[in-house]
Structures are given as C-alpha cells and as structure tokens.
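In: no sequence on hand, only this structure:
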C-alpha cells in the first residue's frame, strides 16, 4: 500500500468553502500520487475555529466549542472525499464534546474508508497543557479498525509515548500517530515513541505533524514537525527503521510504500521477535519480580 502522511499548516480561514477547497486540494494531491491511506495530524482541525473569527479562535474555551460545532460538517466533507478518491483518511483530530463521555471535550481523530464509513479514536492520556490549562478530557477506549489495508490503530501524539497502549492494540499492522508539537523537543519525544512502538510491536507506525505558526491561537500558536513512516529495523525494513521522512517544518506530504506481507514476515520470522517475547520481560508479574541488591 502507499501511505501519505502530512506536515500540515493550519490557516486563518474566512469560510467553510475555503476549508473545503484546502482539504480537497490536499486529498486530491495525495490520491494523484497513488496514496491509499492519508494521515493528517493532531489538532489540525483547530483551524475550523477561525471560521468564527480571529478573536474567538484566540479564546481557549470558545475555540473548543467552535471546532466541535464544525466537526459534523467537516466529517461529511472527509467522507465525501474518501469516497470520491477511493482512499482511507485519518482526519486531523480536534476537540469534540460528547455527552456520553462527560462535560469536557475529548481530543478525537476520525478514520474514513473509501465507502464513506467512519470510526473514531479518542486520545487516552492528556499532556500537561491539555489537562491543566485547556481541560481536555480522556475519551473512549482504544479501538482496532479492520480495513481493506489491514488492521489499523491510532495513538494520538502523547499516547504514542506509552508502550502499554501500543501493546493493547498489538494486532494492528499500522499504528497511526497524529501529532501536534510546539518545539523540537516535543516532536522528538513523539517520534522516538513512534519508532519504539514500531520496534516493540513489529509493525509500521505513521507520524503526521502540524507545522508553522498560528498567531490566532494560544493553543497551537507554534508547531514543529514533519511526516515520518517507521518500521522495525529488521528483515524487510530499512536498517535505521526509517522508511520515509519529510523535511522539518516543510509543509507537504511524505510518501512511502509498505508491503503488509513484510509486517507478517518479520513478526513470524524476524531476526528478533520483540512482539512475541513481550511476556518474557523482567518484572511482568509486578515489582516483586525485581530483585533489589543492597
């Protein structure tokens, strides 16, 4: 399969038609290159808040409500584009108010198939900014999506830094990692996490990033990153584990072709078998399994 992952700049938009034209151009560009899976970043949907004006977009609380209000319209657009171009799209995540999950919004990504069907994945663990200043809440459970491209899971940004979350979706062939990071340190943490998850679970991870400055938002004012596609440094994959990567802070798509058979092969007969040997880790039965020498 051919994968396209985005280094995505958010814009100050004057109408939903402008947003639709922008998104349609991005999807058409990737589809024209033969991409079958398109991955957009975490919080890329925050540009929807600008449809209500700069002043509202700059307000932390108001921007949450504005984006959530526009998500159904954005989802209809994504479903239409996925069907029109025959592609899978992980839409840029954004805050969603869900009455079933409480009074505070969750950070929700949505996966669209070529049939127009949609599945959602919420972020599990909030960063300090999300929990202390923005008051975004953890959402619904981790999900595994069975698709024509294979089994897909989504770990949103900070979630990719936690190995037990990836272990919970260890049957995934692809783990998508949409991210939004302010500084190179944050980007590096998520990238290292994504690469480690590919190593541990012997799968392919796909990282997308927001890039550029947004002076209309306190939440996403500065963005550092690039697209990256990673695998286990083992049989059938690059020795570095880096299948493809973009250029830091340069907007655009990063492409790579991935063979699902290579994932199955490395899991069955790799030089090492990290995924299979997970339960052999010291301390798997709890702290009592670790001997302390004095």
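Out: That came through fine. Everything numeric in this text was worked out from a predicted model, so none of it was measured. Residues are numbered from 1 along each chain as shown.

In: quick test: name the residue nearest the centre of the chain.
Out: Compute the mean C-alpha point of the chain, and by C-alpha atoms, centre = their mean the closest residue is residue 178, 1.9 Å away.

In: may I ask which helix or strand encompasses that residue?
Out: Assigned by DSSP states H and E, residue 178 belongs to strand 174-179.

In: just checking: what are the partner strands of that strand?
Out: Sheet pairing for strand 174-179, assigned by DSSP bridges, gives strand 150-154 (parallel), strand 204-213 (parallel).

In: which of those sits most buried?
Out: Of all the strands paired with strand 174-179, strand 204-213 has the most neighbours on average by mean count of other C-beta atoms under 10 Å, namely a mean of 27. No exception for glycine: its C-beta is placed from N, CA and C like everyone else's.

In: distance of residue 49 from residue 145?
Out: 28 Å (C-beta to C-beta, to the nearest Å).

In: go on, residue 41?
Out: 18 Å.

In: between those two, who's got more neighbours?
Out: Shown here are residue 41 and residue 145; by other C-beta atoms under 10 Å, residue 41 has more neighbours (30 against 22).

In: run through the helices of this protein in chain order.
Out: Ranges of helices within the chain are 16-32, 54-58, 60-85, 128, 163-168, 184-201, 260-269, based on DSSP state H.

In: can you redo those helices as TSV with mean pLDDT?
Out: Supplementary listing: the helices of the chain in TSV, determined by pLDDT from 0 to 100:
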stretch	mean pLDDT
helix 16-32	98
helix 54-58	97
helix 60-85	98
helix 128	97
helix 163-168	97
helix 184-201	98
helix 260-269	98
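
In: OK, contacts around the closest residue to residue 196 other than its chain neighbours?
Out: Once flanking residues are discounted, residue 196 sits nearest to residue 163: 7.0 Å by C-beta to C-beta, 6 or more residues apart in numbering. Residues near residue 163 by C-beta atoms under 8 Å, 6 or more residues apart in numbering: 196-197, 200.

In: which among those residues count as buried?
Out: Neighbour-count burial within the contacts of residue 163 applies to 196-197, 200; the criterion is 16 or more other C-beta atoms under 10 Å.

In: with respect to residue 137, which of those is nearest?
Out: residue 197 (23.6 Å; C-beta to C-beta).

In: thinking again about what came up before, nearest to residue 229, of the strands paired with strand 174-179?
Out: Of all the strands paired with strand 174-179, it is strand 204-213 that lies closest to residue 229, at 5.3 Å by C-beta to C-beta.

In: tilt between the closest one and helix 260-269?
Out: 120 degrees (axes from the mean of the first three to the mean of the last three C-alpha atoms, to 10 degrees).

In: contacts only, for the nearest residue to residue 250 once chain neighbours are set aside.
Out: Once flanking residues are discounted, residue 250 sits nearest to residue 7: 6.2 Å by C-beta to C-beta, 6+ apart. Each residue near residue 7 by C-beta under 8 Å, 6+ apart is listed here: 41, 208-211, 225-227, 246-247, 249-254.

In: ditto for residue 222
Out: So residue 222 contacts 182-183, 213-214 (C-beta under 8 Å, 6+ apart).

In: let's see that with 6 Å instead.
Out: Going by C-beta atoms under 6 Å, 6 or more residues apart in numbering, residue 222 touches 182, 213.
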